[in-house]
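J.: Following is a predicted model, sequence given first.
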Amino acid sequence: MNVMEAITSRCSVRRFRPDAVPDEAVRRLIEAARRAPSAGNIQPWHFYVVKDEAKRGQLARAALGQRFVAEAPLCLVVCAEPAASARVYRERGAQLYCLQDTAAAVQNILLAALELGLGTCWVGAFDEEQVRRVLGIPQERRAVALIPVGYPAAETGRPTSRKEVEEICTWV
Ligand SMILES: Cc1cc2nc3c(=O)[nH]c(=O)nc-3n(C[C@H](O)[C@H](O)[C@H](O)COP(=O)(O)O)c2cc1C
């Protein structure tokens with residue numbers, strides 16, 4: 001699958017088969033994440049790989065009851081490390097770069113998952129403090145995305161619509 005095919009065919013998956021995701025596949029996803037660009041190559045991120053069923057249930061509750069978060073056999077929790085970026089880039093590093101860096105890592109995970117036949121959904125609606133408590137995330141890290149991962153249920157997945165290029169683009 002080439003990059004453009006992956007980008008255009010990806011869509012959020014919210015229904016999963018219960019089959020486990022092999023650890024080798026999880027490693028591929030993290031490998032893709034760590035290849036993302038980051039400001040000054042600081043790599044201000046940390047990834048929690050959550051397989052434990054009880055913890056996934058707690059994460060789903062922290063994600064405002066979005067049940068598919070628990071239904072996927074795996075949930076990746078992507079964290080930013082604002083202080084790491086701030087050491088070099090001060091306020092801009094803490095407020096902006098570390099979030100942009102982790103967003104790039106998230107997108108790499110979504111695309112790499114596609115190649116492995118895995119479905120994902122970028123979940124941003126959650127209670128950050130609750131997620132912190134569930135996983136024991138230290139204060140210097142900030143959970144920025146949950147990514148439930150699993151093999152898609154047969155009937156899921158179709159690319160969603162987008163604004164037209166003319167609407168979103170100014171040529172200067
Ligand atoms: C920052 C961010 C937060 C999101 N949070 C949620 C979420 O909490 N729950 C959910 O079901 N989808 C969430 N999504 C997925 C979007 O709804 C989805 O990407 C969008 O509707 C486009 O659909 P597609 O991913 O199928 O292309 C989020 C996406 C982003 C980028």
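T.: Happy to help now that I have it.

J.: you'd agree Val77 is up against Val131?
T.: Yes: in this structure, Val77 is within contact of Val131 by Cβ atoms under 8 Å, at 6.6 Å. For the C-beta atoms, the positions are set from N, CA and C on the backbone; glycine is no exception.

J.: any common contacting residues for the two?
T.: Listed as contacting both Val77 and Val131 by Cβ atoms under 8 Å, 6 or more residues apart in numbering are 59, 137, 143, 146.

J.: now those in a markdown table, with neighbour count?
T.: A markdown table is the format used below for the shared contacts of Val77 and Val131 (neighbours: other Cβ atoms under 10 Å):
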| residue | neighbour count |
| --- | --- |
| Leu59 | 26 |
| Ile137 | 18 |
| Ala143 | 25 |
| Leu146 | 27 |
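
J.: Pick the one among these closest to the ligand.
T.: Leu146 (7.8 Å; Cβ to the nearest ligand atom).

J.: Determine the three-state secondary structure at His46.
T.: Of the three states, His46 takes strand under DSSP: H, G, I helix; E, B strand; the rest coil.

J.: could you say which helix or strand contains the closest residue to it other than its chain neighbours?
T.: Of all residues not flanking His46 in the chain, Cys79 sits nearest, at 4.5 Å (Cβ to Cβ, 6 or more residues apart in numbering). Assigned by DSSP states H and E, Cys79 falls within strand 74-80.

J.: That strand near the ligand at all?
T.: No: using Cβ under 6 Å from any ligand atom, strand 74-80 stays clear of the ligand, coming no nearer than 10.9 Å.

J.: which outside residues touch that strand?
T.: 20-21, 26, 29, 33, 44-51, 56, 59, 69, 98-99, 101-102, 105-106, 109, 131, 135, 137, 141-150.

J.: Just the buried residues of the helix or strand that that strand is followed by, please?
T.: Toward the C-terminal end, the helix or strand that comes next after strand 74-80 (DSSP H and E) is helix 82-92. The neighbour-count criterion (16 or more other Cβ atoms under 10 Å) identifies 82, 84-86, 89 as the buried residues of helix 82-92.

J.: Reformat the residues you listed as TSV; add distance to the ligand and pLDDT.
T.: As requested, these are exported to TSV (distance: Cβ to the nearest ligand atom, whole Å; pLDDT from 0 to 100):
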residue	distance to the ligand	pLDDT
Pro82	17	98
Ala84	21	98
Ser85	19	98
Ala86	22	98
Tyr89	22	98
